[in-house]
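Trainee: coords please:
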Amino acid sequence: MDTGRPDPGDTAALSDALNAWFERSARDLPWRAPGTTAWGVLVSEFMSQQTQVERVIPHWLEWLERWPTPSALAAAEPGEAVRAWKRLGYPRRALWLHRAAVEIAERHNDEVPADVDALLALTGIGPYTARAVAVFAFGDTHPVVDTNTRRLIARAVHGRAAAGMPAPRDLDDMAALLPDDRAAAAVFNAAAMELGAVMCTARAPKCGDCPIASLCEWRGAGYPDNAPEKRPKQAKFEGSDRQVRGRIMQLMRSATAAVPPADALAAAGEGTVRDAAQPQRALDSLIADGLVVEFEGRLRLP
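Mentor: Numbers count the residues shown, from 1 in each chain. Prediction:
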C-alpha cells in the first residue's frame, strides 16, 4: 500500500536524522573534499554513471591530475580521453566529457556553469547530471534522484520494497523531502543517495543500523513483499556486443600505432562470440560512435 508523503513533522525528522548520519558516516570520496572544483564534481558524475564508486576513485584522481581544468582536457586529442578512460566501461562517456570540456572552455571561459539549463546544453549531460552538478558543486537547491535515492524513498515514504520503473513523480517525492535550508538540502541530496548505496541496498538492507528505521514505512509495515514489476533483465555480458567492443577498445588503447582492421577483428573474436558477424558488427558500431577512426586503411583512436 502506498502511504503517500510524510507530514511536515516526519519530513523534518527524516532529513535531520539522515543529515546527521551523513555528517558522521559518509564515505571519504575525493570529490567530496573541501576545495574540489566544479570541474572535479562534473568529472566524478560522468565517471560514476553505471560504475561502482570504488572503481571510479583511482581514475578520477589520475584524470584530475592530468587535466585539472576543462581547457586542459580540451587541448588534448579526443583519443587521449578514450585511452585514459581505460576500463571504466561505456567509453562514449569519455568522448562526451571531452566534447563538454571543449564547450566549457569555449562558451563559459573555462568555468563549469552553475545554471541547470546551461549544463543541459553541454554534450553528455542529462537532467540527473545537470542537477547533481548544480547541487554538489554550487549548493543550489534541486532534487537529485538516482537509483539509490528512489529505492530509499520507495521504502521509507511509500512503504514499498522497491521503487519500480523511474517516473516524473520521483523528483516530486524528493523535492517534498528537501529541507528549506539551502545547505541542509544539498546535504540531504547526498545523504539519501549515500544511505541507499551503503545501507538501504536492494538485496540486503541493514535496517538494524539505519538512522531512519523508526520513520520507515516499509519497516513499520513489516517488510511486505510488495515490490512493483521488475524492469527487464539486462542481457548477459559474456559474449555480448559490449564485451566484443571492449576487446577492440582494449587493443586500441594499448596500440602505439594505427591498427590494421584484421587485427581489430581478431581481437574481437578472442573469446565467446554469439555469431560470426559479431566482430565486424562491433567494429562498425565503434566507428559509428566515433570511438575508432578509419584512416588510410587503418584504425586509430579519434
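Trainee: for the stretch 151-300 of the chain, give me the ranges with low pLDDT.
Mentor: The model of the stretch 151-300 of the chain has pLDDT under 70 over residues 230-235.
Trainee: please redo it, this time with the cut-off set to 90
Mentor: 164-168, 227-243, 256, 268-277, 279, 289, 295-296 (pLDDT under 90).
Trainee: residue ranges of the strands in it, please?
Mentor: Using DSSP state E, counting those that start in this stretch, the strands of the stretch 151-300 of the chain run over residues 293-295, 298-300.
Trainee: let's have those strands in JSON lines, adding distance to Ala163 and mean neighbour count.
Mentor: The C-beta positions use only the backbone N, C-alpha and C, and glycine is treated the same way. Shown next, in JSON lines, are these (distance: least, C-beta to C-beta, whole Å; neighbours: other C-beta atoms under 10 Å):
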{"stretch": "strand 293-295", "distance to Ala163": "41", "mean neighbour count": "12"}
{"stretch": "strand 298-300", "distance to Ala163": "42", "mean neighbour count": "17"}
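Trainee: how many neighbouring residues does the residue nearest to Lys206 when sequence neighbours are not counted have?
Mentor: In this structure, Lys206 finds its nearest non-sequential neighbour in Met199, 4.8 Å apart by C-beta to C-beta, 6 or more residues apart in numbering. When counting by other C-beta atoms under 10 Å, one arrives at 21 neighbours for Met199.
Trainee: which residues touch the closest residue to Cys216 other than its chain neighbours?
Mentor: Leaving aside its sequence neighbours, Cys216 sits nearest to Ala156 (C-beta to C-beta, 6+ apart; 4.7 Å). For Ala156, the contacting residues are Leu14, Cys200, Ile212, Leu215, Cys216, Glu217, Trp218, by C-beta atoms under 8 Å, 6 or more residues apart in numbering.
Trainee: you'd agree the first one is up against Ser214?
Mentor: This means Leu14. No: Leu14 is beyond contact range of Ser214, at 9.8 Å (criterion: C-beta atoms under 8 Å).
Trainee: looking at the two, which is more packed in?
Mentor: Leu14 (23 against 11).
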